[in-house]
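Colleague: Here is a sequence with its predicted model. Questions after.
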Amino acid sequence: MKRPGLLIILAIVVIVGFLGCNGYNGLVTQDEAVKKSWANVQTEYQNRSDLVGNLVNTVKGAANFEQKTLTDVVEARAKATSVNINADNLTPEKIAEFQAAQGQLSGSLSRLLATVEAYPTLKATENFTQLQRQLEGIENGIKNSRKVFNDEINVYNTKVRSFPMNILGGLFGFKQKEGFKADAGAEKAPEVKF
């Protein structure tokens, strides 16, 4: 009579073990998807950083161009490339630091492109026009990569927080990760004046 009870307990242990392995593997798979999407975000930002050097050199060729604007862009680029975050350490503080550095570069680039409006000969050069188009494409790529990253973070965090994965994840060190948030003041509509 003891054997049927032992078989039932053994069957339960096997089922729980199978579900645990399957759940663990699902967490690992989703964690890797987050890391891959983070790498894609970093690649897009690196593409922008690489392009900024060419853009600055092209603008430098314009006579009497405002040196402070160029200096600001170069400094913001240096700061943005110095902030490196490992995909295993996506804490809210690290993401905020990364986002702030990238936001500073975005602001500098916006000021540079706005200043260029006063230089019609620069705007007319083929090199500058081509670089400006590439920059627009990269900015769209950054936006898309950030969206995919946030989508992956959402799936991962849902899995990590759901029962019983929250227990299993806690045992193996899987924690919630932070995604990108809107920049400060983004909730306010920009004022358009003509």
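Modeller: That came in fine, so what should we check first?

Colleague: Identify the single longest helix in this structure, thanks.
Modeller: helix 2-60 (DSSP state H).

Colleague: Toward the C-terminus, what is the element adjacent to the helix or strand of the chain with the lowest mean pLDDT?
Modeller: Comparing helices and strands within the chain by mean pLDDT, DSSP states H and E singles out helix 120-124 as the least confident, with a mean of 62. Using DSSP states H and E, the helix or strand that follows helix 120-124 in sequence is helix 126-161.

Colleague: Now do the same contact list for residue 175.
Modeller: 160, 169 (C-beta atoms under 8 Å, 6 or more residues apart in numbering). All C-beta spots, glycine's among them, are computed from the backbone N, C-alpha and C.

Colleague: So for it, what pLDDT did the model give?
Modeller: Per-residue pLDDT puts residue 175 at 83.

Colleague: Please apply the same query to the one 5 residues further on.
Modeller: The per-residue pLDDT reported for residue 180 equals 71.

Colleague: Excluding covalently adjacent residues, which one is nearest to residue 26?
Modeller: Distance criterion C-beta to C-beta, 6 or more residues apart in numbering; nearest residue to residue 26, sequence neighbours excluded, is residue 159 at 6.5 Å.

Colleague: Enumerate every residue touching that neighbour.
Modeller: 26, 27, 30, 165, 169.

Colleague: now the residues you listed as a markdown table including neighbour count and pLDDT?
Modeller: Listed next are the contacts of residue 159 as a markdown table, based on neighbours: other C-beta atoms under 10 Å; pLDDT from 0 to 100:
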| residue | neighbour count | pLDDT |
| --- | --- | --- |
| 26 | 14 | 79 |
| 27 | 17 | 82 |
| 30 | 20 | 83 |
| 165 | 19 | 80 |
| 169 | 22 | 77 |
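
Colleague: returning to what we had before: from residue 52, how far off is the residue nearest to residue 26?
Modeller: Using C-beta to C-beta, to the nearest Å, we find residue 159 at a distance of 37 Å from residue 52.

Colleague: can you check residue 160 too?
Modeller: From residue 160 to residue 52 the distance is 36 Å (C-beta to C-beta).

Colleague: The two: which is more packed in?
Modeller: residue 52 (23 against 19; other C-beta atoms under 10 Å).

Colleague: ok, the more buried one - contacts?
Modeller: By C-beta under 8 Å, 6+ apart, the residues touching residue 52 are 73, 77, 105, 109.

Colleague: Now render those as TSV, adding secondary structure.
Modeller: As requested, the contacts of residue 52 are exported to TSV (DSSP: H, G, I helix; E, B strand; the rest coil):
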residue	secondary structure
73	helix
77	helix
105	helix
109	helix
